[in-house]
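[1] here's a sequence, model it:
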Amino acid sequence: MTGVAVRPRAQQPRAAILGKLPPIRRDDGSPIRVLLVDDERALTNLVKMALHHEGWTVETAHDGHEAVTRFASMKPDLVVLDIMLPGLDGLQILERLRAAESYTPVLFLTARDTVQDRVVGLTSGGDDYMTKPFSLEELVARLRGLIRRTAETTPSSDERLRVGDLTLDAASRDVTRAGERIELTTTEFDLLRFLMRNPRRAIGREEILKQVWNYTFDGRTSIVDLYISYLRKKVDAGRTPMIHTVRGVGYQLKPSQ
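    Now for the predicted structure:
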């Protein structure tokens, strides 16, 4: 891998790009901790500067084994992870992280940009996926969204939802259908929770973007379609469908009976 595949908006200074929103901190007031894993040192330096502007603490790792070691010692709130790395690749790293704990969001930031690459990354437990070249503004916005959604689904929440034979427990993050457990990524969990809070209602893609991602992605609602497809494979696979497309509007979740 060569070169720095970053696309900040040249017409605006970095402070204008990244300083629009109020700062986010941990519950105890300390800075958000980010582990940034990429073997391109010029890229990690640039992204690290942008995240420092947010007031976050950033540690970097440049190969797979270093990433696993730093994760264990740092206990980050977020992980930004490349796939193509020396030693362990990003998918192998994610497998180890998910085996060790459940809640740390992982955003893949990689040059692998085919649909199949995205499917593999997200269905293996990644919470979001961005390809290089990328916008620093969008990267920060997506990370902020992951922090917000994770805070809303921490074990302190006692929310329990049921739609037909589908149940969701926010405290344990358990999702079951007809008693069978369904494993979801953080983003899939948040999307399903929003749908279950609004059963039988036809919900537009723009509303889903705003409520689940808290970001418009410049109106690119295709990200909603992508995650709905992943959710259907887990919630509806081999069963009577509960997630329905409403032509000209968006999506609807309703009991199967």
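
[2] only C-alpha atoms for contact and neighbour calcs from this point on.
    Noted.

[3] any idea how many residues pack against Arg162?
    Neighbourhood size, Arg162 [other CA atoms under 10 Å]: 17.

[4] which positions in stretch 174-183 come out as buried?
    Neighbour-count burial for stretch 174-183 flags 175-177, 182-183 (criterion: 16 or more other CA atoms under 10 Å).

[5] sorry, that was for stretch 123-136
    Judged by neighbour count (16+ other CA under 10 Å), stretch 123-136 contains these buried residues: 123-131, 134-136.

[6] narrow those residues to those in strands?
    The strands, defined by DSSP state E, take in 128-131 from these.

[7] for stretch 81-94, list the C-alpha coordinates in PDB.
    Output of stretch 81-94 as PDB, limited to C-alpha atoms (Å, rounded to 0.1, in the frame of the first residue of the first chain):
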ATOM      1  CA  LEU A  81      -9.300  -0.800  11.400                       C
ATOM      2  CA  ASP A  82      -7.700  -1.500   8.000                       C
ATOM      3  CA  ILE A  83      -8.200  -5.000   6.500                       C
ATOM      4  CA  MET A  84      -4.900  -5.400   4.700                       C
ATOM      5  CA  LEU A  85      -2.300  -5.500   7.400                       C
ATOM      6  CA  PRO A  86       1.000  -7.300   8.100                       C
ATOM      7  CA  GLY A  87       0.700 -10.200  10.400                       C
ATOM      8  CA  LEU A  88      -3.000 -10.700  11.400                       C
ATOM      9  CA  ASP A  89      -5.300  -9.000   8.900                       C
ATOM     10  CA  GLY A  90      -8.200  -6.800  10.000                       C
ATOM     11  CA  LEU A  91     -10.800  -9.600   9.900                       C
ATOM     12  CA  GLN A  92      -8.600 -11.800  12.100                       C
ATOM     13  CA  ILE A  93      -8.100  -8.900  14.500                       C
ATOM     14  CA  LEU A  94     -11.900  -8.300  14.700                       C
END
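
[8] average pLDDT for the top helix by length along the chain?
    Across the chain, the helix with the greatest residue count (assigned by DSSP state H) is helix 136-152. Averaged across helix 136-152, the pLDDT comes to 84.

[9] run the chain-centre distance for the next helix or strand after that helix.
    Using DSSP states H and E, the helix or strand that follows helix 136-152 towards the C-terminus is strand 160-163. Its chain's C-alpha centre and that of strand 160-163 lie 23 Å apart, by CA atoms, centre = their mean, to the nearest Å.

[10] got the buried residues for strand 160-163?
    Result for strand 160-163 [16+ other CA under 10 Å]: buried residues 160, 162-163.

[11] partners of that strand, with directions?
    strand 166-169 (antiparallel) (DSSP bridges).
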